[in-house]
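A.B. asks: A structural model of the following input is requested.
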Amino acid sequence: MIASAAGRGWVVLFYKELLRFWKVAFQTIAAPILTSLLYLLIFSHVLEGRVSVFDGKVGYTAFLVPGLVMMSVLQNAFANSSSSLIQSKITGNLIFVLLPPLSALDLFLAYVLGAMVRGIAVGAGVFAVTLAFVPSLLSMPHPFWALAFALLGSVILAMLGLLAGIWAEKFDQLAAFQNFLIVPLTFLSGVFYSIHSLPPFWQGLSRFNPFFYMIDGFRYGFFGVSDVVPGASLSIVAVAAAALAALTLSLLARGWKLRN
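C.D. replies: Here you go, the predicted model:
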């Protein structure tokens, strides 16, 4: 694919991606926020006072909030890019995206940035709502660490969504990708627990889950404590993002399962 003539083609596609989820914000923004609020109400009610995290330095409800925020960011970033591409493929209007002189980088920027905006918007909404339960979280000691992990996490899941949308040819294939890969990795990443509460075998296994480093590093921004040194987590997440970016750009440039 050749570069876009004016170098701004991705902006138009990015705007289309924003409108796509904003037009149905009740479903794409409000519904995930409500789901996270229900998780908080149920788990905090049942486990507050029964579960000790970080040697009792952090209350369970406070511990849970950053995990739910990051989980919302990740899941919604994935959902946006994957659903957008698969819908275009199935309805046949993908041709109107591929016909203009848009480069692989144009497509990458538009889809990934659109997914990031939705993920961060939902995460910010979850954080705003849950502050009513733990207002002390507003005075986080390391906000830039939290921001770095939120941005990198949303980038990674946006790219995974793009890869899933490229690979899938129908909705049930996309659902399988999400249900058997994204959801298990998210729920087993320490959203609801510290890995130090697990037996040694499961602690070791958790360290092979890249989502764990995203959530643990994000949580460090709120409390200044984490299960893994935040610098190491950031390095792992950054390497994963770079590898996925190279793969995604390569597939877009080849037009694999898009142009043929």
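
A.B. asks: what's near enough to touch residue 207?
C.D. replies: 195, 228 (C-beta atoms under 8 Å, 6 or more residues apart in numbering). Just so you know, the C-beta spots here come from the backbone N, C-alpha and C atoms, and that holds for glycine as well.

A.B. asks: Need the pLDDT of it.
C.D. replies: The model reports residue 207 with a pLDDT of 90.

A.B. asks: what's the answer for residue 227, then?
C.D. replies: So, for residue 227, pLDDT stands at 88.

A.B. asks: in the chain, which spans are helices?
C.D. replies: Secondary structure of the chain by DSSP state H: the helices cover 9-22, 25, 31-47, 60-91, 95-98, 104-130, 143-167, 171-177, 183-187, 200-206, 210-223, 230-254.

A.B. asks: Let me have those in JSON lines, adding mean neighbour count and distance to residue 137 as columns.
C.D. replies: Compiled in JSON lines, the helices of the chain are given as follows (neighbours: other C-beta atoms under 10 Å; distance: least, C-beta to C-beta, whole Å):
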{"stretch": "helix 9-22", "mean neighbour count": "17", "distance to residue 137": "26"}
{"stretch": "helix 25", "mean neighbour count": "12", "distance to residue 137": "25"}
{"stretch": "helix 31-47", "mean neighbour count": "16", "distance to residue 137": "12"}
{"stretch": "helix 60-91", "mean neighbour count": "24", "distance to residue 137": "6"}
{"stretch": "helix 95-98", "mean neighbour count": "13", "distance to residue 137": "40"}
{"stretch": "helix 104-130", "mean neighbour count": "23", "distance to residue 137": "8"}
{"stretch": "helix 143-167", "mean neighbour count": "22", "distance to residue 137": "10"}
{"stretch": "helix 171-177", "mean neighbour count": "15", "distance to residue 137": "33"}
{"stretch": "helix 183-187", "mean neighbour count": "15", "distance to residue 137": "21"}
{"stretch": "helix 200-206", "mean neighbour count": "12", "distance to residue 137": "24"}
{"stretch": "helix 210-223", "mean neighbour count": "26", "distance to residue 137": "6"}
{"stretch": "helix 230-254", "mean neighbour count": "16", "distance to residue 137": "17"}
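
A.B. asks: now the ones you listed as a markdown table including distance to residue 194?
C.D. replies: Listed next are these as a markdown table, based on distance: least, C-beta to C-beta, whole Å:
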| stretch | distance to residue 194 |
| --- | --- |
| helix 9-22 | 33 |
| helix 25 | 34 |
| helix 31-47 | 12 |
| helix 60-91 | 7 |
| helix 95-98 | 43 |
| helix 104-130 | 19 |
| helix 143-167 | 17 |
| helix 171-177 | 28 |
| helix 183-187 | 15 |
| helix 200-206 | 10 |
| helix 210-223 | 9 |
| helix 230-254 | 14 |
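
A.B. asks: mean pLDDT lowest for which of those?
C.D. replies: Mean pLDDT is lowest for helix 200-206 among the helices of the chain, at a mean of 86.

A.B. asks: residues in contact with the most centrally placed residue in the chain?
C.D. replies: The residue lying closest to the centre of the chain (C-alpha atoms, centre = their mean) is residue 74, at 1.7 Å. Under the criterion of C-beta under 8 Å, 6+ apart, the neighbours of residue 74 are 119, 153, 154, 156, 157, 182, 186, 211, 214.

A.B. asks: With adjacent residues omitted, what lies nearest to it?
C.D. replies: Leaving aside its sequence neighbours, residue 74 sits nearest to residue 157 (C-beta to C-beta, 6 or more residues apart in numbering; 4.6 Å).
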